[in-house]
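[1] let's see this in three dimensions:
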Amino acid sequence: MANPWRGDVALTLDGQRRVMRLTLGALAELEETLDSGTLVDLVQRFEGGGFGTRDVLALIVAGLRGGGWQGTARDLLCAEIEGGPMVAARAAAELLARAFMLPGDAVGADGGL
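    You can find the predicted model right below:
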């Protein structure tokens, strides 16, 4: 079960519901895979709507790995994401927001901040 207070975000891949989480290790792995900039730059790209598909994929992979998944980005190339690319982008943005949410910050009913 996805626990938003722990930073969890659910995503269904190939018909299987998975819980994603950006742990410290997952964040370090994510930062290592970024083409340019830092995590702060990534946050700014998402806030400004200037993110790309590689950003979304990198966040999804990091979140899945933080949730215990052992795959790689290559494993997701042919994966069916329930809801398609827009759901994936929203889940990636939600992961990023929850990773940097301070205790006591409000989370809306739709998971948004």
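[2] tell me which stretches of the chain form helices.
    24-33, 39-48, 53-66, 84-99 (DSSP state H).
[3] just say which of those is most tucked in.
    helix 53-66 (a mean of 22; mean count of other C-beta atoms under 10 Å). For every residue, glycine as well, the C-beta is placed using N, CA and C.
[4] got the angle between it and helix 24-33?
    Here helix 53-66 points in a direction 150 degrees away from that of helix 24-33 (axes from the mean of the first three to the mean of the last three C-alpha atoms, to 10 degrees).
[5] now for the helices of the chain, which one comes closest to residue 11?
    helix 84-99 (4.9 Å; C-beta to C-beta).
[6] list of residues touching the closest one?
    4, 7-11, 20-22, 27, 42-43, 46, 51, 53, 55-56, 59-60, 62-63, 81, 107, 111-113 (C-beta atoms under 8 Å, 6 or more residues apart in numbering).
[7] hmm, back to that, please render the helices of the chain as a markdown table that adds distance to residue 76 to the earlier fields.
    Output for those, formatted as a markdown table (distance: least, C-beta to C-beta, whole Å):
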| stretch | distance to residue 76 |
| --- | --- |
| helix 24-33 | 13 |
| helix 39-48 | 18 |
| helix 53-66 | 7 |
| helix 84-99 | 9 |
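[8] closest to residue 16 out of those helices?
    Distance to residue 16, taken as C-beta to C-beta, is lowest for helix 53-66 among the helices of the chain, at 11.2 Å.
[9] return the closest one as PDB; C-alpha atoms alone will do.
    Coordinates of each C-alpha in helix 53-66 appear next as PDB, following Å, rounded to 0.1, in the frame of the first residue of the first chain:
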ATOM      1  CA  THR A  53      10.800  12.300 -21.000                       C
ATOM      2  CA  ARG A  54      14.300  11.400 -19.800                       C
ATOM      3  CA  ASP A  55      13.600  13.300 -16.500                       C
ATOM      4  CA  VAL A  56      10.300  11.400 -16.100                       C
ATOM      5  CA  LEU A  57      12.000   8.100 -16.800                       C
ATOM      6  CA  ALA A  58      14.900   8.800 -14.500                       C
ATOM      7  CA  LEU A  59      12.500   9.700 -11.700                       C
ATOM      8  CA  ILE A  60      10.300   6.600 -12.300                       C
ATOM      9  CA  VAL A  61      13.300   4.300 -12.200                       C
ATOM     10  CA  ALA A  62      14.700   5.900  -9.100                       C
ATOM     11  CA  GLY A  63      11.300   5.700  -7.400                       C
ATOM     12  CA  LEU A  64      10.800   2.100  -8.300                       C
ATOM     13  CA  ARG A  65      14.300   1.200  -7.100                       C
ATOM     14  CA  GLY A  66      13.600   3.100  -3.900                       C
END
